[in-house]
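S.K.: got a structure for you, letters missing:
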């Protein structure tokens, strides 16, 4: 099997909801998921490895090498378990993306997953001052629930092209398995060096409202207020660790397509 998923903990899981936030335009999804993992104190549940990850290692702050990683974390919140799909990179090509999404779906379907939420960015030519969040998905009842919150725009088909990568494919393939899934897309700047903090904040607001999360969203911007377009050393550790490779991936994808979720 191309993708190996190792379970590293055995918690009690109830009514699980998966939230995906891998690198993408503005890294809005990754920012949100990494922030929630840190803020909520989520613990690692799965480690995902594959020979279809980029052939490289990272050098960390201790001058040691680390392989690229994709992981799933968990946190029990109220009467549900939140699962966070996080990582350093996305699968390297179309075939590996399909295989990766099927492997993830196989694993979480065994645990009676109730809902999937994928997070991505909508690339704009200029940084938006007040980013909007758009929603699409594979389930009309699920979309109506988000529409009732009045925090998302539903005319998504008028502003995006194909949703490329895990954010789009996971949503589509989940529909084939009758797993309700919604894709939340925040407006952000298309430049590969840009961190979409404002878009990430808007996504956090939507998640906090719909999942009843008690998180201080203002802390996200506080942590990033010293960060500039060059992504300097003042960046929080949870977001600094993988920027170099992510920028390279995004640049390559941007050359192929106008949108990468």
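M.R.: Thanks, I have it. Since the model is a prediction, treat every value here as computed from it, not as a measurement.
S.K.: state the pLDDT value of the residue of the chain most remote from its centre.
M.R.: The centre of the chain is farthest from one residue, residue 63, which by CA atoms, centre = their mean lies 27.5 Å away. Looking at residue 63, its pLDDT reads 93.
S.K.: part of a strand, is it?
M.R.: No: counting by DSSP: H, G, I helix; E, B strand; the rest coil, residue 63 is not part of a strand but coil.
S.K.: if I look at it, how far off is residue 145?
M.R.: As judged by CB to CB, to the nearest Å, residue 63 and residue 145 stand 48 Å apart. (C-beta placed from N, C-alpha, C; glycine too.)
S.K.: what do you get for residue 177?
M.R.: Taken as CB to CB, the span from residue 177 to residue 145 is 20 Å.
S.K.: then residue 104?
M.R.: According to CB to CB, residue 104 and residue 145 sit 23 Å apart.
S.K.: please apply the same query to residue 214.
M.R.: Applying CB to CB to residue 214 and residue 145 gives a distance of 20 Å.
S.K.: go on, residue 189?
M.R.: Taken as CB to CB, the span from residue 189 to residue 145 is 29 Å.
S.K.: hmm, who's touching stretch 147-157?
M.R.: 132-136, 143, 146, 184-185, 205-206, 209-210 (CB atoms under 8 Å, 6 or more residues apart in numbering).
S.K.: that one: how far from the chain's middle?
M.R.: For stretch 147-157, the separation from the chain centroid amounts to 19 Å (computed by CA atoms, centre = their mean, to the nearest Å).
S.K.: same thing with stretch 18-35?
M.R.: Its chain's C-alpha centre and that of stretch 18-35 lie 3 Å apart, by CA atoms, centre = their mean.
S.K.: stretch 11-22 now?
M.R.: Relative to the mean C-alpha coordinate of its chain, stretch 11-22 is positioned 13 Å out (CA atoms, centre = their mean).
S.K.: got the buried residues for that stretch?
M.R.: 13, 16, 17, 18, 19, 20, 21, 22 (16 or more other CB atoms under 10 Å).
S.K.: so the second one touches residue 109, yeah?
M.R.: So that's residue 16. No: taking CB atoms under 8 Å as the definition, residue 16 is not a contact partner of residue 109, at 10.3 Å.
S.K.: for residue 213, give me its contacts.
M.R.: Contact criterion CB under 8 Å, 6+ apart gives 36, 40, 77, 207 as the residues in contact with residue 213.
S.K.: and the second one, what does it touch?
M.R.: When the contact criterion is CB under 8 Å, 6+ apart, the partners of residue 40 are 75, 77, 82, 213, 215.
S.K.: quick check: next helix or strand after the helix or strand harbouring residue 19?
M.R.: Using DSSP states H and E, residue 19 sits in strand 17-20. Counting by DSSP H and E, the element after strand 17-20 in chain order, helix or strand, is helix 28-40.
S.K.: got the angle between the helix or strand following that next one and helix 28-40?
M.R.: Using DSSP H and E, the helix or strand that follows helix 28-40 towards the C-terminus is strand 43-50. Angle of strand 43-50 versus helix 28-40, following axes from the mean of the first three to the mean of the last three CA atoms, to 10 degrees, is 140 degrees.
S.K.: could you look up the SS state of residue 142?
M.R.: Look at residue 142: counting by three-state DSSP, its state is helix.
S.K.: and it, what does it touch?
M.R.: The contact partners of residue 142, by CB under 8 Å, 6+ apart, come to 115, 180, 181, 182.
S.K.: OK, contacts around the second one?
M.R.: Shown in contact with residue 180 (CB under 8 Å, 6+ apart): 114, 115, 116, 137, 138, 139, 141, 142, 174.
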